[in-house]
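1. the following comprises the amino acid sequence and a computationally predicted model.
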Amino acid sequence: MTPVVPPATRLLVCTLDACAWPLLQQLATAGRLPTIATLLARGARATLASTAEQLPDSAWASLCTGRNPAAFARYFPVQYDPVTGDLRCAGEHELTGSPFWTTLADAGLRVGVFDPPNPGPAPAADFLVAHWPLAGRRGPRGSSPPELLPALDRRFGRPAHGTLEPAPRSPRGRRALGARLIAAVELRGRVLEHLLTTRGWDVAVVGVGELHAAGHALWPADDGRDGGELAAVYVAVDALLGRLLELAGPDCLTLVVSAHGMGPPRAGSRDLQHMLDLLGFGPRPARRTDGRPPQEAGAAARLAALAPGALRRAAGRALPGRLRRELHFRWHAGRRDWVGWRAHAVPNDDAVGAIRLALRGRDRHGSIEPRQVPELLGELEQSLRELTDPASGRPVVRSLARPHELFAGPYTDALPDLTACWEYGFAWRAVHSPRFGTLPVGPRGDRAGDHTADAFLLAHGPGVAAGDELAGSSILDVAPTILAACGLPPPATCEGAPIQLAPAVAAAPA
């Protein structure tokens, strides 16, 4: 019987954080990404369903472990705490569960991991470098063995950029940031070439974070004008991938994967609380808007967005911890006066609005009885489906989901009760509701692009069907696919199944 996944003598996994799948294909078709074009022509591709449609920040943890977001105590760095009725900071250590490379190392394979998007609590590997860039990531730089990272810094120098920088406000600033990101990609390539040629490995997991930074800061403006800085970063990453494939050799199975994508900036999440107030889900009755957002709606976020990123980071370090946390909470949720609300907005990625019901017995200020939940969710969903762009009349909500019905696990109760993925197929700067009228909204001022749920997998190597387009898989299937390629079954906690990368063979007629 033909295996679902061809067995690999060597496996290279490249994670492209927040890679824009449509843009990647467009640039490859135009001849600007020869490595990606080769992978598309000679390998298999799969568009993957992603938990980024509901909870974007947990997508990489789900991909690396094969577990849904309810398995983790954290779904966002700042999240609602039902016990206190306020917000709390959630750390990366709360993304519990073993990533696939730990399972591989435990089975005796030689595993090397460089700058993975989700390092996990304590990943086992023959060599590991976590949080390689200097700034912009959520954890400290480190390595295993501990002396590896200092040795790499001495040999190659430290990356001179933060992975997530504010969007430049001038063409000169865009060019300078683009040049820094390309230099970082090239430095990453030199470090990886050294590691992959001087250390023995059966499986190498290579993270590339520059596309994430480029997407947030260099995405073209609404009018489509682009000086080419974003595309140039993609070209540099393509060259890096080409060199990695060359180093890995023709007998290596290569997987290139992204758990989420990037696209135009989204409006909506910062003003969702005000929309719920106008719709009557707060203490006051439903009413029409006067066309202006309240002064407190997203005020901290909008004010902070006016300051340069370096200034914000320096100010944050100088403030006492308690004040720093409060400003961080204000950035995400304003004043947080949720007493008397039937449903209120809670922090989530800007691309996806999140709503929590005030459920009696579960939430500190809960007033809704469990029997009222279906009717209240239906009312919320209908109100959100009615939101349109006043300029075009098109809906501004791409999809709605009830995470408590989608995801099961020990932390289901901590998840939002409803999520609204905002439309990213066109630009919009206001919402119209037949219930409250037209309200101007705006995205974060420090980002040019936002996350999308466009996840994908490219596979290339011996036994992979050339040109196959695979359907019906999700990011939860990536970890089982990698384990299957190494001849290992997925752990019991893994919820996905291996993706059919090997050509299917029809049974012979009886």
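-> Structure's in. What do you need? As the structure is a prediction and not an experimental result, all values here were calculated from the model. Numbers count the residues shown, from 1 in each chain.

2. show me how this protein divides into domains.
-> As assigned by automatic domain parsing, the chain contains the domains 10-75+99-264+450-485, 269-298+334-440.

3. tell me which of the ones you listed is the most buried.
-> Of these, the one with the most neighbours on average (mean count of other CB atoms under 10 Å) is domain 10-75+99-264+450-485, at a mean of 20. Every residue, glycine included, has its C-beta placed from N, CA and C.

4. what mean pLDDT does that domain get?
-> With pLDDT averaged residue by residue, domain 10-75+99-264+450-485 scores 90.

5. can you give me the end-to-end distance of that domain?
-> 9 Å (CA to CA, to the nearest Å).

6. element containing residue 190?
-> Per DSSP states H and E: residue 190 is located in helix 171-198.

7. just grab the bridge partners of residue 45 for me.
-> Counting by DSSP bridges, residue 45 is bridged to residue 458, residue 469.

8. so it sits right up against residue 458, yeah?
-> Yes: counting by CB atoms under 8 Å, residue 458 is a contact partner of residue 45 at 5.4 Å.

9. following the helix holding residue 190, which helix or strand shows up next?
-> strand 203-208.

10. contacts for that next one?
-> 10-17, 101, 104, 109-117, 132, 185, 188, 192, 196, 237, 240, 244, 248, 482, 486 (CB atoms under 8 Å, 6 or more residues apart in numbering).

11. outside of the helix or strand just after that strand itself, list whatever touches it.
-> Note on strand 203-208: by DSSP H and E, the next helix or strand toward the C-terminus is helix 210-218. Here helix 210-218 makes contact (CB under 8 Å, 6+ apart) with 16-20, 136, 161-168, 174, 177-178, 181-182, 184-185, 188, 226, 229-230, 233-234, 236-237, 262, 447-450.

12. could you redo the last one with a cut-off of 6 Å?
-> Residues outside helix 210-218 that contact it (CB atoms under 6 Å, 6 or more residues apart in numbering) are 16-19, 163-165, 167, 174, 177, 181, 184-185, 229-230, 233, 262, 447-449.

13. circling back: of all the domains of the chain, which lies closest to residue 83?
-> Nearest to residue 83 among the domains of the chain is domain 269-298+334-440 (6.5 Å), distances taken as CB to CB.

14. tell me the SS of residue 498?
-> Assigned by DSSP: H, G, I helix; E, B strand; the rest coil, the conformation of residue 498 is coil.

15. hmm, it is touching residue 481, no?
-> Yes: contact between residue 498 and residue 481 holds when scored by CB atoms under 6 Å: they sit 4.7 Å apart.

16. helix or strand for the nearest residue to residue 491 once chain neighbours are set aside, which one?
-> Nearest non-adjacent residue to residue 491, counting by CB to CB, 6 or more residues apart in numbering: residue 103, 6.1 Å away. For residue 103, the host element (DSSP H and E) is helix 100-106.

17. so what are the sheet partners of whichever helix or strand comes after that helix and their directions?
-> Using DSSP H and E, the helix or strand that directly follows helix 100-106 along the chain is strand 111-114. Next to strand 111-114 in the sheet, as set by DSSP bridges, lie strand 127-130 (parallel), strand 203-208 (parallel).

18. measure the nearest residue to residue 46 once chain neighbours are set aside to residue 17 for me?
-> Spatial nearest neighbour of residue 46, excluding adjacent residues (CB to CB, 6+ apart): residue 470 at 3.9 Å. Separation of residue 470 from residue 17 (CB to CB, to the nearest Å): 22 Å.

19. likewise for residue 51?
-> Taken as CB to CB, the span from residue 51 to residue 17 is 15 Å.

20. go on, residue 272?
-> 26 Å.

21. what's the closest of the domains of the chain to residue 81?
-> domain 269-298+334-440 (8.2 Å).

22. mind checking how far that closest one is from the chain centre?
-> With CA atoms, centre = their mean, to the nearest Å as the basis, domain 269-298+334-440 stands 21 Å off its chain's centre.

23. got it, and stretch 204-221?
-> On CA atoms, centre = their mean, the centre of stretch 204-221 falls 11 Å from that of its chain.

24. span of it from start to end?
-> End to end - CA to CA - stretch 204-221 spans 37 Å.

25. do the same with stretch 421-431
-> End-to-end for stretch 421-431, by CA to CA: 14 Å.

26. avg pLDDT for it?
-> Computed over stretch 421-431, the average pLDDT equals 89.

27. ok, residues contacting that stretch?
-> With CB under 6 Å, 6+ apart as the criterion, stretch 421-431 contacts 53, 222, 263-264, 266, 268, 352, 387, 389-390, 396, 398-399, 438-441, 452.

28. among those, which ones are in strands?
-> Judged by DSSP state E, strands contain the following of these: 263, 352, 398-399, 438-440, 452.

29. for the stretch 301-450 of the chain, which segments count as helices?
-> Taking DSSP state H, counting those that start in this stretch as the criterion, the stretch 301-450 of the chain contains helices spanning 309-318, 321-333, 373-385, 403-406.

30. ok, of those helices, where does mean pLDDT dip lowest?
-> Sorting the helices of the stretch 301-450 of the chain by mean pLDDT places helix 309-318 lowest, at a mean of 56.
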